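J.: Got a sequence here, can you build the structure:
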Amino acid sequence: MKNNSVAVVLLLLAAGVHSFGFDELTRYVDTHKEEYVQALREWVAVESDSSDITKRSELHRMMELVVEKLQHLGGKVEMVDIGMQELPDGSTVALPKVVTAEFGSNVSDVTVCVYGHVDVQPAQKEDGWSTDPYNLTDINGNLYGRGASDNKAPVLAWIHAVEAYQALKIDLPVNVKFIIEGMEETGSNGLAAMIEAQKDTFFSDVDYIIISDCGWLSSRPALTYGTRGNCYFLAEVEGPKQDLHSGVHGGTVIEPMTDLIGILDTMISPDGSILIPGIMDAVSAFSHDEWRFYQDIEFDMDSYRAKIGVDQLMYNNKTELLAHRWRYPTVSIHGIEGAFSAPGTKTVIPAKVTAKFSIRQVPDMDPAVVEKQVTDHLHSEFAKRKSPNKLKVRMVIGAKPWLADPKHPLYQAGKAAVKRAFNTEPDLIREGGTIPIARTFQDVTEKNIIMLPIGGFDDGLHSQNEKMSRYNYIEGTKLFIAYLHEVAQITKD
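T.: Next up is the predicted model:
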């Protein structure tokens, strides 16, 4: 374990512990950047969509490519079997194996573990892409392709960082381990059990865990120290035994859709306030230190508003807007299954409709408590309607939030690495989304974690025309090279 002393780190940095060949390493990166782009092109070409069972062979091939890349560096590489995935029809299919790798085994050195994933969200040209999503396309310095930013380029950048040290015969300043999975986009099936099983073996000598599955908030580099959790619900209202014609039966039955919309409307007010009793009780207070972080963050509200295409935002100042994006819970209604949504004018009264909604929760909220609060509230509001229809509410995802201490030496090292690579100070930010594996790592391994992103604020993750800029990819590789040096300055007992 570490003697986690910020003072020690700062003293080492002030003393000028800088001579590790950074200029030589960055020149190496610059002379190999076309090779790096080609590597990303080859990885993007693999349709590693973890949600599509018909592409499972592609996902297995993707993991083999990861193995080849890591074996080329001479590390100790393994493919860990994490079992089978049960499908809705009861059949099973093999989960993609998790790839682990180890470089260096000096017991006196810090050991970091880099986590990443190489599966992607679904993508088709017909979805509105300007280019073939599986053919990396370079336009004005942006590399367009599904998975380019989330998360294939960051994984490759870490591999390139290790390779640069090796190619120049510069000793890695730390021991480096990798854990790369292929099911992140569908919930990291099997990974938590694998981490639990290997906490006393693979993870036993790991000091810190690094995750680069996130992005910057603006053009300024960022260090991420928190993510929200996600409680995802299904609320089903069932009435007649079959769909009905609104002309024949409208006015004679209490319609499930009307009930459902009525109770959904009781969860959130027009100004964004959550109306579910008790939801806000466990939310941690907004500390003065955190408030100060928000003042220094580079964020242009007008640009953000224009980018997402709205005339008005929920809040009119930066701090309040970012706080509600990152560190306060929110309710979002995502869709209604069973409702008529196809083109045309079908006059149907659906017999059964199911709302899909989520609550992004924050420290110190507990998903089990949120589940009870939501369920009790919806049943209470439904009872007030005195409807003969039936309501069922269930929570299908209960991912916990994650929060780190931005004053930890990991973040001091991050600041020093950003300063070295980009000659600027980083923003300290939180993520509004959910990265469940961070909390799993924290709870199971009890290791400290940093999120060190290189993705751009406009990369379009999960959307059409996802991209990674050449600048972020290449300069991000240099950032990772610098971080390996800076984190080595944290002393060990």
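J.: Next, the buried residues of stretch 106-117.
T.: Residues of stretch 106-117 classed as buried: 109-117 (neighbour count, 16 or more other CB atoms under 10 Å). Any C-beta I mention is one placed from the backbone N, CA and C, and that applies to glycine too.
J.: and that stretch, average pLDDT?
T.: Stretch 106-117 carries an average pLDDT of 96.
J.: pull the CA atoms of it into PDB?
T.: The C-alpha coordinates for stretch 106-117 follow below in PDB (Å, rounded to 0.1, in the frame of the first residue of the first chain):
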ATOM      1  CA  ASN A 106       9.600  -5.000  -9.800                       C
ATOM      2  CA  VAL A 107       8.200  -5.200  -6.300                       C
ATOM      3  CA  SER A 108       9.700  -1.800  -5.400                       C
ATOM      4  CA  ASP A 109       7.800   0.000  -8.200                       C
ATOM      5  CA  VAL A 110       4.300   1.300  -8.200                       C
ATOM      6  CA  THR A 111       1.900  -1.000 -10.100                       C
ATOM      7  CA  VAL A 112      -0.900   0.500 -12.100                       C
ATOM      8  CA  CYS A 113      -3.800  -1.400 -13.800                       C
ATOM      9  CA  VAL A 114      -5.300   0.200 -16.900                       C
ATOM     10  CA  TYR A 115      -8.900  -0.800 -17.600                       C
ATOM     11  CA  GLY A 116     -10.600  -0.500 -21.000                       C
ATOM     12  CA  HIS A 117     -13.200  -2.100 -23.300                       C
END
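J.: ok, residues contacting that stretch?
T.: Stretch 106-117 is contacted from outside by 2, 104, 151, 154-155, 158, 173-185, 188, 203, 205-213, 437, 441, 447, 484, 487-488, 490, 492, using CB atoms under 8 Å, 6 or more residues apart in numbering.
J.: Looking at the buried residues of stretch 106-117, which is nearest Glu255?
T.: Distances from Glu255 to the buried residues of stretch 106-117, taken as CB to CB, are shortest for His117 (42.7 Å).
J.: tell me which residues in stretch 151-164 are buried?
T.: Buried-residue list, stretch 151-164, by 16+ other CB under 10 Å: 151-164.
J.: Just to be sure, which of those residues are found in helices?
T.: The helices, defined by DSSP state H, take in 153-164 from those.
J.: From the chain's centroid, how far away is the helix or strand containing Arg325?
T.: Assessed by DSSP states H and E, Arg325 sits inside helix 318-326. Relative to the chain's own centre, helix 318-326 is displaced by 19 Å; criterion: CA atoms, centre = their mean, to the nearest Å.
J.: low-confidence ranges in this structure?
T.: 1-19, 492-493 (pLDDT under 70).
J.: for it, which residue is closest to the average position?
T.: Ile435 (4.1 Å; CA atoms, centre = their mean).
J.: tell me the contacts of that one?
T.: Contact analysis of Ile435 by CB under 8 Å, 6+ apart lists 211, 213-214, 227, 402, 451.
J.: From Ile449, how far out is Ile481?
T.: Using CB to CB, to the nearest Å, Ile481 is found at 20 Å from Ile449.
J.: Please identify which of these two sits among more neighbours.
T.: Ile481 (28 against 24; other CB atoms under 10 Å).
J.: May I ask which helix or strand encompasses that one?
T.: Counting by DSSP H and E, the element that carries Ile481 is helix 470-487.
J.: if we can go back for a sec, could you point out the helix or strand that follows the helix holding Arg325?
T.: Counting by DSSP H and E, what follows helix 318-326 is strand 330-337.
J.: what's the domain layout of the protein?
T.: Split into domains by automatic domain parsing, the chain comes to 6-227+401-487, 230-284+327-399.
J.: Please enumerate the helices of the stretch 51-200 of the chain.
T.: Under the criterion DSSP state H, counting those that start in this stretch, the stretch 51-200 of the chain contains helices at 56-72, 153-167, 191-197.
J.: Please convert the ones you listed to JSON lines, extending it with distance to Thr375.
T.: Shown next, in JSON lines, are the helices of the stretch 51-200 of the chain (distance: least, CB to CB, whole Å):
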{"stretch": "helix 56-72", "distance to Thr375": "35"}
{"stretch": "helix 153-167", "distance to Thr375": "38"}
{"stretch": "helix 191-197", "distance to Thr375": "25"}
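J.: Show me the one of those helices that comes nearest Glu47.
T.: Nearest of the helices of the stretch 51-200 of the chain (CB to CB): helix 56-72, 4.8 Å.
J.: Break down the stretch 251-400 of the chain into its helices, ranges please.
T.: 256-264, 288-296, 301-308, 318-326, 367-384.
J.: so which of those is the most packed in?
T.: helix 256-264 (a mean of 20; mean count of other CB atoms under 10 Å).
J.: circling back: any chance of the domains of the chain in a markdown table with distance to Tyr315 as columns?
T.: Formatted as a markdown table, the domains of the chain follow (distance: least, CB to CB, whole Å):
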| stretch | distance to Tyr315 |
| --- | --- |
| domain 6-227+401-487 | 14 |
| domain 230-284+327-399 | 8 |
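J.: out of these, deepest packed?
T.: Most buried among those, counting by mean count of other CB under 10 Å: domain 6-227+401-487, with a mean of 19.
J.: Let me know the next secondary structure element after the helix or strand containing Gly226.
T.: If you go by DSSP H and E, Gly226 is part of strand 222-227. In the C-terminal direction, the helix or strand that comes right after strand 222-227 (DSSP H and E) is strand 230-238.
J.: Output the contacting helices and strands for that next one.
T.: Packing partners of strand 230-238 (3 or more CB pairs under 8 Å, 6 or more residues apart in numbering; DSSP states H and E): helix 256-264, strand 352-360, helix 367-384, strand 390-399.
J.: Show me the one of the ones you listed that comes nearest Val248.
T.: The nearest among the helices and strands packed on strand 230-238, by CB to CB, is helix 256-264 at 16.6 Å.
J.: list the helices and strands that closest one packs on?
T.: strand 230-238, strand 330-337, strand 352-360, helix 367-384.
J.: roughly how far is stretch 308-317 from the heart of the chain?
T.: 24 Å.
J.: May I see the buried residues of it?
T.: The neighbour-count check on stretch 308-317 (16+ other CB under 10 Å) flags Tyr315 as buried.
J.: Distance across that stretch, terminal residue to terminal residue?
T.: Start to finish, the residues bounding stretch 308-317 are 17 Å apart (CA to CA, to the nearest Å).
J.: what's the answer for stretch 71-83, then?
T.: Stretch 71-83 end-to-end distance (CA to CA) = 23 Å.
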